[in-house]
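> take a look and give me a structure for this.
(one chain, ligands or ions: 2)
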Amino acid sequence: MLVGRVFLAVVSPVELAFEGVARLLGVPWVFNLVHALPGGLDRLAKPMLFGLVLVVWTGVAWWLARRAWPWLRRAGRPLLVTVATVLGAVVPGLILLPAQGLGWFGTAPANLAWDPLPLHGLAALSGLLFGLVATGGRPSGVHSGTSRRDALSLLVRSFVGIVAAAGVAGRWSVALAQQALELFRRVVGLSPRITPTPDHYVVSKNLFDPSVDEGGWSLRLHGLVDTPIELRMSDLQALPSVTRPSTLTCVSNQVGGDLIGTSEWTGVRLADLLAMAGPRADANELLLRAADNYSDSFPLEAALREGTIVAYLQNGEPLTRAHGFPARVLVPGIYGMKNVKWVVEIELTDEDHQGYWQTRGWSDVATVKTMSRIDTDTATRLDDGRALVGGIAFAGLRRIEAVEVSLDDGASWLPTQLESAPNQLSWVRWLAVLEVPASQVELTVRAVEIGGVVQTDVRSRPLPDGADGLHRMRVNLPG
Ligand SMILES: Nc1nc2c(c(=O)[nH]1)N[C@H]1C(S)=C(S)[C@@H](COP(=O)(O)O)O[C@H]1N2
Ligand SMILES: [Mo]
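Ligands and ions are numbered 1, 2, ... in the order given. I've put the predicted structure just below:
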């Protein structure tokens, strides 16, 4: 597991257990633990809790192994069974998945959506079972002088069994995932699933963004709460964090515009921080203030959503200054302006507050509208004559059910293929296969939300609550 973690970035089961334990204990408990520690040790709270989980894990595994060993012995050849099990765990990751173009242990970056861990578990189990079946049924003692040939043939049979089991288990989904990925990979000009940080759009009111010193920074939670709290960066880093891709877009984005991006953000759930402070019953709104004298607000209800976090990493790196170093709020489903960067203060109130952009005429609710965009001004022509075009679609917290394209300005619509979105908070990529000879086409795109709600074709400007209308573009179709 350690090797997988360090060299292949595979999330290990122990970590999953650690996350589960941290969640079970609850954030206030962990926070108190952190503060019970003498200064300097607080950064170690998480590693210490992880160490504890690791010790318990190892203990349980040891106990299980001790109990299982005699049973394995009776079943036949413990060493062979062990080898078969390990092979079962490792072979799919080292051979099957890479052979399918999905990277070591399925870690090809484009493939984050697809989780190969269950397949590994299944394969390991099948290896164990196969080992047992292959060795079982023989009276014990008879094989004390096992011949090398026997052992070898057993190993070979186990191996074949594992590969077959893993193959059957994974083949269908892998083939599907790979086929789709393959096509998506070939669309030249299509946005990546995750936007590299340097390519992520930046919007700020400032001529010069604040440069905040991480050591001096803190985030204050106060107002209508039982216990006001103040968190330093080390506090924030010591708390259980979540990492998840989410799409951010600016309310001023034009139809077809590029003020939209998807990053993998890491931070602490705002709901956890609020649980520490204990919002009073009359609190219903959060007022956020930033180091650049920016302020904005959103309802408590939005703050409590699973995806709302105080983020300190973007795509695995500390936030850049432009994106809000050292910490910012991300509140999925609501336009970028309420995703306050350089955040220093969160006040719970019982009245609505007009934020920086609201006093300038922009929407206060700011729910993200359904959008879709064509990314390719030139189609990718495949050898077999098909032409690929593609783009993205996003509807905030509402899910995209389908994306359609039209070659005749909306008179008729063609289906497209959707890639599975990284999660519920992220845009989805689409591609269309056009069977059209070399020429130019006027392409229009529209998204359909879950429930069959079709994106409106009535155009409106971004002010005050986001642009509406369909993206239409001239697309070159090379010969
Ligand atoms: N403190 C502060 N936060 C802010 C802003 C700002 O000017 N100051 N701009 C907002 C707007 S309008 C948008 S669209 C997003 C953009 O976030 P990004 O630059 O990380 O893409 O940040 C929001 N948060
Ligand atoms: Mo924005």
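> give the pairing partners of whichever strand or helix holds residue 432; include direction for each.
Here residue 432 is covered by strand 428-434, with elements defined by DSSP states H and E. Strand pairing for strand 428-434, using DSSP bridges, gives strand 387-394 (antiparallel), strand 417-418 (antiparallel).
> report the strands that pair with the next helix or strand after the longest one, each with its relative direction.
So that's strand 387-394. Once strand 387-394 ends, the next helix or strand along the chain (criterion: DSSP H and E) is strand 400-406. Strand partners for strand 400-406, identified by DSSP bridges, are recorded as strand 414-415 (antiparallel), strand 439-449 (antiparallel).
> OK, contacts around residue 443?
Contact criterion Cβ atoms under 8 Å, 6 or more residues apart in numbering gives 374, 389, 405-407, 472-475 as the residues in contact with residue 443. (C-beta placed from N, C-alpha, C; glycine too.)
> is it true that residue 332 lies in a strand?
No: when DSSP: H, G, I helix; E, B strand; the rest coil is applied, residue 332 is found to be coil, with no strand at that position.
> for burial, what's the neighbour tally of the residue of the stretch 201-350 of the chain found nearest ligand 1?
Per Cβ to the nearest ligand atom, the residue of the stretch 201-350 of the chain with the smallest distance to ligand 1 is residue 336, at 2.5 Å. Neighbourhood size, residue 336 [other Cβ atoms under 10 Å]: 23.
> angle of the strand or helix carrying residue 261 against strand 387-394?
Residue 261 is part of strand 260-269, with elements assigned from DSSP H and E. Taking axes from the mean of the first three to the mean of the last three Cα atoms, to 10 degrees, one finds strand 260-269 and strand 387-394 inclined to each other by 40 degrees.
> buried by neighbour count: which residues of the next helix or strand after strand 260-269 qualify?
Using DSSP H and E, the helix or strand that directly follows strand 260-269 along the chain is helix 270-277. The neighbour-count criterion (16 or more other Cβ atoms under 10 Å) identifies 270-274, 276-277 as the buried residues of helix 270-277.
> in TSV, list those along with distance to residue 436 and pLDDT.
Rendered in TSV, the data for the buried residues of helix 270-277 read as follows (distance: Cβ to Cβ, whole Å; pLDDT from 0 to 100):
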residue	distance to residue 436	pLDDT
270	48	97
271	49	96
272	52	95
273	53	96
274	53	97
276	58	95
277	59	96
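> got the residues you listed as CSV, with distance to ligand 2 columns?
CSV is the format used below for the buried residues of helix 270-277 (distance: Cβ to the ion, whole Å):
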residue, distance to ligand 2
270, 20
271, 24
272, 26
273, 24
274, 25
276, 29
277, 28
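> distance of residue 318 from residue 434?
From residue 318 across to residue 434, the span is 43 Å (Cβ to Cβ, to the nearest Å).
> those two: which is more packed in?
Counting neighbours by other Cβ under 10 Å for residue 318 and for residue 434 shows that residue 434 has the greater number, 18 against 15.
> my read is that the more buried one contacts residue 415, right?
No: under the criterion of Cβ atoms under 8 Å, residue 434 is not in contact with residue 415, lying 12.0 Å apart.
> now do the helices in the stretch 251-400 of the chain.
270-277, 300-303 (DSSP state H, counting those that start in this stretch).
> looking at those, which is closest to residue 18?
helix 270-277 (15.7 Å; Cβ to Cβ).
> pull the CA atoms of stretch 313-328 into CSV?
Listed next in CSV are the C-alpha coordinates belonging to stretch 313-328 (Å, rounded to 0.1, in the frame of the first residue of the first chain):
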residue,chain,number,x,y,z
LEU,A,313,-4.8,24.1,-2.3
GLN,A,314,-5.6,24.3,-6.0
ASN,A,315,-4.6,21.3,-8.1
GLY,A,316,-2.5,20.1,-5.2
GLU,A,317,-0.5,23.4,-4.8
PRO,A,318,-0.9,26.2,-2.3
LEU,A,319,-3.2,28.9,-3.8
THR,A,320,-1.5,31.4,-6.0
ARG,A,321,-1.9,35.0,-5.1
ALA,A,322,-4.2,35.6,-8.0
HIS,A,323,-6.6,32.8,-6.8
GLY,A,324,-6.7,34.0,-3.2
PHE,A,325,-3.6,32.9,-1.3
PRO,A,326,-3.6,31.7,1.4
ALA,A,327,-7.3,30.7,1.5
ARG,A,328,-10.6,31.3,-0.3
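> which other residues reach that stretch?
Residues beyond stretch 313-328 that count as contacts (Cβ under 8 Å, 6+ apart) turn out to be 194, 196-197, 200, 202, 204, 209, 211-212, 214, 217, 219, 233, 236, 243, 263-267, 310-312, 339-343.
> filter those residues by proximity to ligand 1?
200, 202, 204, 339-342 (Cβ under 6 Å from any ligand atom).
> which residues of this structure lie near ligand 1?
Near ligand 1, the residues belonging to the chain are 200-206, 248, 250, 290, 292, 294, 323, 336-337, 339-342 when assessed by Cβ under 6 Å from any ligand atom.
> and the protein, which of its residues are near ligand 2?
Those residues of the chain that sit near ligand 2, judged by Cβ under 5 Å from the ion, are 203, 250, 336-337.
> which one of the strands paired with strand 400-406 is the most hemmed in?
strand 439-449 (a mean of 19; mean count of other Cβ atoms under 10 Å).
> gap between it and the chain center?
Taking Cα atoms, centre = their mean, to the nearest Å, the mean C-alpha location of strand 439-449 is offset from the chain mean by 28 Å.
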